[in-house]
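K.L.:
Below are the sequence and a predicted model; questions follow.
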Amino acid sequence: MISIAQALDMVLGAVRPLPEEEVALDESVGRVLAEDVVAGADVPAFANSQMDGYAVRAEDVAGGSESCPVELRVLGTIAAGRPLGLTVGRGEAARIMTGAPIPAGADAVIPVEEASSDAPERVSIASSAMAGRFVRPAGEDMRAGDRVLEEGRRLGAPDIGLLASLGRASVRLRRRPRVAILGTGDELVPIGGALGPGQIHDSNAHALGAAVRELGGEPSLLGIVRDDPAALRAALTAALRFDAVLSTGGVSVGDFDHVKDVMDEIGLERRFWRVAQKPGKPIVFAVRDQTLFFGLPGNPVSAMVCFHLYVAPALRAAAGLREVFLPASDVVLGEAIRTAKDLTELVRCTLRSEAGVLVALTTGTQSSGALRSLSLADGLLISPPGTAELRAGDPARALLLRAGPALASTHPFA
Ligand code: AMP
Ligand code: MG
């Protein structure tokens, strides 16, 4: 049986980046850049004032202080967006507002709080200034020619502002991955429906759809397919127009596990079936043309763990992201656990920071049918093959499932 690392290599080796598209800037947050963004001009394009005050020549106010103020002649008032074509000469100043262009001749700004004026054409400066004080130089934020955002970056809100300050109305992005999701199993009932004897709700489709959406993909829930080869053949064939297909169930060795056979029949080229891992061992992966097919196990935890291990990196890579893997961290076991000796086991655990180390505790039963164990988990602790037991205090690695520590309920300035 292949290892997780081998399986992941095969998955990533099969991924092709999705096509590019031009998207309006305001629709771009959370999407992935398909271009390097280079500043076409300095931002800001002109030196401007950081304060409401007086634009002066630093050398004129060099000796100024409260006991010995410097008198300057005021040439006019420069508002933001309304430059005046004036030049500040020796002994002169201009009243200036925040964001207004620094006039020729001036090289510093005295804040209004350090000046007093008893007539519009005069000001008395009670402080000195080095050249450049309270002046925001042209290109302070970005210089023409700077590469300010790189292809493969997921755009955040500040990036959108940065693109807007460059005047960009649209950007080149990778298309979002379109992902078909279908559940297989005669026992499955759609949510909202009543359960008969032996039936369960299809939870996988919804968990996976949400996971695809969280990743920035577009999920399409194609519904439930009976454990019947003809029905499966029709459903899988219809799903082949998507960038990726996620089915759940029917990939084990049970009498009604038809997914693998049907896959082979419809030309899905099988790359692997079964990985030395727990949970999620029976996963099957296949490719046809541009479509990636993941036959995920039916057990809800197995399906989600396989999603994190294989589907998510594949979708991130297809979407053009540079960083495709879940973050990982060193942790310390907070309790002893027994793990599968022959497989890589992924143990659902909480992670709490104690004296600077992340302490891992299991979330209880590790049954692959118990979704709560995953809902409670902050991470997946990795127990490598050859390990049958981890003791309290042992070091380990864990994949982090949450972006960061939980949000605080009390505000951080309390
Ligand atoms: P299978 O891989 O088809 O043998 O299914 C393994 C286990 O997962 C069985 O207990 C199924 O009832 C359960 N299961 C399969 N599909 C789903 C689903 N869509 N939602 C919740 N549980 C499922
Ligand atoms: Mg089944």
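P.N.:
Structure's in. What do you need? This one's a predicted model, so the numbers in the text were calculated from it and none came from an experiment. Ligands and ions are numbered 1, 2, ... in the order given.
K.L.:
what sits against the spatially closest residue to residue 107 that is not a sequence neighbour?
P.N.:
Distances taken as CB to CB, 6 or more residues apart in numbering put residue 131 closest to residue 107, at 4.4 Å, once the chain neighbours are dropped. In short, each C-beta sits where N, CA and C put it, glycine included. For residue 131, the contact set (CB atoms under 8 Å, 6 or more residues apart in numbering) comprises 58, 107, 108.
K.L.:
Sketch out the low-pLDDT regions of this protein for me.
P.N.:
403-409 (pLDDT under 70).
K.L.:
What parts of it come near ligand 2?
P.N.:
185, 249, 250, 298 (CB under 5 Å from the ion).
K.L.:
which of those are close to ligand 1?
P.N.:
Among the residues of the chain next to ligand 2, the residues within reach of ligand 1 (CB under 6 Å from any ligand atom) are 185, 249, 250, 298.
K.L.:
how about these in CSV, adding neighbour count and secondary structure?
P.N.:
Shown next, in CSV, are these (neighbours: other CB atoms under 10 Å; DSSP: H, G, I helix; E, B strand; the rest coil):
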residue, neighbour count, secondary structure
185, 20, coil
249, 30, coil
250, 25, coil
298, 24, coil
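K.L.:
Extract the CA atoms of the helix or strand that contains residue 399 and return them as PDB.
P.N.:
If you go by DSSP states H and E, residue 399 is part of strand 395-400. C-alpha atoms of strand 395-400 as PDB (Å, rounded to 0.1, in the frame of the first residue of the first chain):
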ATOM      1  CA  PRO A 395       6.700  15.400  20.800                       C
ATOM      2  CA  ALA A 396       4.700  15.000  17.600                       C
ATOM      3  CA  ARG A 397       3.600  17.000  14.500                       C
ATOM      4  CA  ALA A 398       0.000  18.100  13.900                       C
ATOM      5  CA  LEU A 399      -1.800  19.500  11.000                       C
ATOM      6  CA  LEU A 400      -3.700  22.600  12.000                       C
END
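K.L.:
ok, and what's touching the longest strand seen in the chain?
P.N.:
Using DSSP state E to define each element, the chain has its longest strand at strand 344-354. With contact meaning CB under 8 Å, 6+ apart, strand 344-354 is reached by 3-4, 276-280, 301, 305, 309, 329, 331, 334, 337, 339, 358-363, 366, 373-374, 376-385, 398-400, 405.
K.L.:
Check stretch 61-69 too.
P.N.:
70, 72, 108, 110, 116, 124, 125, 126, 127, 128, 129.
K.L.:
Would you mind measuring from whichever residue of the chain sits closest to ligand 1 to residue 133?
P.N.:
Residue nearest to ligand 1 within the chain (CB to the nearest ligand atom): residue 298, separated by 2.4 Å. Distance check for residue 298 against residue 133: by CB to CB, to the nearest Å, it reads 68 Å.
K.L.:
ok, now residue 193?
P.N.:
Counting by CB to CB, the gap from residue 193 to residue 133 is 71 Å.
K.L.:
Of those two, give the one with the bigger neighbour count.
P.N.:
With neighbours defined as other CB atoms under 10 Å, residue 193 and residue 133 compare such that residue 133 has more, 18 against 11.
K.L.:
Identify the residues contacting that one.
P.N.:
Per CB under 8 Å, 6+ apart, neighbours of residue 133: 58, 108, 109.
K.L.:
out of those residues, which touch ligand 1?
P.N.:
Among these, ligand 1 is touched by none when using CB under 6 Å from any ligand atom.
K.L.:
coming back round to it: tell me the angle the strand holding residue 399 makes with strand 344-354.
P.N.:
90 degrees (axes from the mean of the first three to the mean of the last three CA atoms, to 10 degrees).
K.L.:
List the neighbouring strands of strand 395-400 plus their orientation.
P.N.:
strand 328-333 (antiparallel), strand 379-383 (antiparallel) (DSSP bridges).
K.L.:
ranges for the helices of this structure?
P.N.:
4-14, 157-165, 204-214, 229-239, 259-265, 300-306, 312-318, 372-375 (DSSP state H).
K.L.:
Now those in JSON lines, please, with extra columns for distance to residue 78 and mean neighbour count.
P.N.:
Shown next, in JSON lines, are those (distance: least, CB to CB, whole Å; neighbours: other CB atoms under 10 Å):
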{"stretch": "helix 4-14", "distance to residue 78": "57", "mean neighbour count": "16"}
{"stretch": "helix 157-165", "distance to residue 78": "21", "mean neighbour count": "14"}
{"stretch": "helix 204-214", "distance to residue 78": "49", "mean neighbour count": "20"}
{"stretch": "helix 229-239", "distance to residue 78": "64", "mean neighbour count": "17"}
{"stretch": "helix 259-265", "distance to residue 78": "71", "mean neighbour count": "19"}
{"stretch": "helix 300-306", "distance to residue 78": "60", "mean neighbour count": "27"}
{"stretch": "helix 312-318", "distance to residue 78": "49", "mean neighbour count": "23"}
{"stretch": "helix 372-375", "distance to residue 78": "59", "mean neighbour count": "16"}
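K.L.:
Report the buried residues of stretch 82-97.
P.N.:
86, 88, 92, 93, 94, 95, 96, 97 (16 or more other CB atoms under 10 Å).
K.L.:
closest to residue 11 among these?
P.N.:
Minimum distance to residue 11 across the buried residues of stretch 82-97 is 57.3 Å, recorded for residue 97 (CB to CB).
K.L.:
how many other residues sit next to residue 386?
P.N.:
As a burial measure, residue 386 scores 8 neighbours (other CB under 10 Å).
K.L.:
And the one 5 residues further on, by the same measure?
P.N.:
The local packing of residue 391 (other CB under 10 Å) involves 9 other residues.
K.L.:
In this structure it contacts residue 333, no?
P.N.:
Yes. Judged on CB atoms under 8 Å, residue 391 makes contact with residue 333 at a distance of 6.6 Å.
K.L.:
what's the domain layout of this protein?
P.N.:
4-18+175-318, 24-43+150-174, 48-136, 328-400 (automatic domain parsing).
K.L.:
Single out the most deeply packed of these.
P.N.:
domain 4-18+175-318 (a mean of 19; mean count of other CB atoms under 10 Å).
K.L.:
Please state the offset of that domain from the chain centre?
P.N.:
23 Å (CA atoms, centre = their mean, to the nearest Å).
K.L.:
for that domain, how far is the first residue from the last?
P.N.:
20 Å (CA to CA, to the nearest Å).
K.L.:
Ok, stretch 249-258 next?
P.N.:
9 Å.
K.L.:
With stretch 378-396 instead?
P.N.:
End-to-end distance of stretch 378-396 (CA to CA): 15 Å.
K.L.:
again, but for stretch 159-179
P.N.:
Stretch 159-179: ends 27 Å apart by CA to CA.
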